[in-house]
Structures are given as C-alpha cells and as structure tokens.
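Enquirer: here is my input; please provide its structure:
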Amino acid sequence: MGKESSIALTHKVVALVEQLHAQAWVDYISFDYDVCAEIMKMAPYGRVAYLMGDKTPTELAQHDFYGLDYHFKVLQKNPDWIKEAQQKKLTVNVWTVNDQTMKELLRENVDFITTNEPELLLNVISGQ
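Expert: Below is the predicted model:
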C-alpha cells in the first residue's frame, strides 16, 4: 500500500469512528508516522500512538502524540525512553511481550503490555 492509499484509508477510518460516535472508545496506532500525523490533524481529540520505534519520546511529545507503542526490544536498546515518555506525559505500550520480561516492564510502570500470553501476565501481576 502506498502513502496515498494509506492517507485515504486513514480518512475513511476517522470518518467511520466519528460517524459511529466512537471517539471515546478508539485509540489509533500506526507504524506510519505520516498516518499518525494525519489522524492528529483530522481528529485533534484522538489518542494516537506511534509504533515504529524510531522516534524519541521527546520527539513524539513535541508533536502532541498521546503515546508510544514500541516493541520491547526497542525499549531495551533505549532504557531511558520509558522514564522520558512518562516525564513527557506519554502513555507507554510495549509489544509483544510473551516472557518474564513482563516483570521488568511492570517495575518500570509501563501503561500497557501487549502479549500473546495473557495468563502469564496475570500470573506475573498476581505474584504467582
């Protein structure tokens, strides 16, 4: 899918969310920075998080992102980014965490953990 198609689809998605009056229930995420920027332009109320992992939390905060949504290895390579994001009032989602790395991320107070192992996450949270 080319950039033009991505932006056109973005317009359709935002329009559908508004048509359904679902703004309060929808968070937007994308690997495409331009798509994220387009959503924020069209729907300034939108909660938009960026997935690619190539922008610092400070860069995202400067452009009014709601949060970052990075693979856990990106945050392992950039250990200060969780605290930096929290200081900048960004939400922090980490994906896809399917092992004991969850414990470390919970100690860091990330907001969300995406996992294919929800039972493991529940056990980690409950201390089992």
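Enquirer: go through stretch 104-122 and flag the buried ones.
Expert: 105, 110-111, 113, 115, 120-121 (16 or more other C-beta atoms under 10 Å). For the C-beta atoms, the positions are set from N, CA and C on the backbone; glycine is no exception.
Enquirer: got the end-to-end distance for that stretch?
Expert: With C-alpha to C-alpha, to the nearest Å as the measure, stretch 104-122 spans 14 Å from end to end.
Enquirer: just how off-centre is it within its chain?
Expert: Mean-position distance between stretch 104-122 and its chain equals 14 Å (C-alpha atoms, centre = their mean, to the nearest Å).
Enquirer: check the gap between the residue positioned nearest the centre of the chain and residue 76 for me.
Expert: For the chain, residue 69 is the residue whose C-alpha lies nearest the centre (C-alpha atoms, centre = their mean; 2.8 Å). When C-beta to C-beta, to the nearest Å is the yardstick, residue 69 and residue 76 sit 15 Å from each other.
Enquirer: only C-alpha atoms, please: export the helix ranked longest in the chain in PDB.
Expert: Of all segments of type helix in the chain, defined using DSSP state H, the longest is helix 3-19. Extracted as PDB, the C-alpha positions of helix 3-19 are listed here (Å, rounded to 0.1, in the frame of the first residue of the first chain):
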ATOM      1  CA  LYS A   3       1.400   6.600   1.000                       C
ATOM      2  CA  GLU A   4      -1.500   8.000  -0.900                       C
ATOM      3  CA  SER A   5      -3.600   4.900  -0.200                       C
ATOM      4  CA  SER A   6      -2.600   4.900   3.500                       C
ATOM      5  CA  ILE A   7      -3.800   8.500   3.900                       C
ATOM      6  CA  ALA A   8      -7.000   7.800   2.000                       C
ATOM      7  CA  LEU A   9      -7.700   4.900   4.300                       C
ATOM      8  CA  THR A  10      -6.900   7.000   7.300                       C
ATOM      9  CA  HIS A  11      -9.600   9.500   6.300                       C
ATOM     10  CA  LYS A  12     -12.100   6.700   6.000                       C
ATOM     11  CA  VAL A  13     -11.300   5.200   9.400                       C
ATOM     12  CA  VAL A  14     -11.500   8.600  11.200                       C
ATOM     13  CA  ALA A  15     -14.800   9.300   9.400                       C
ATOM     14  CA  LEU A  16     -16.200   6.000  10.500                       C
ATOM     15  CA  VAL A  17     -15.200   6.500  14.100                       C
ATOM     16  CA  GLU A  18     -16.900   9.900  14.000                       C
ATOM     17  CA  GLN A  19     -20.000   8.500  12.300                       C
END
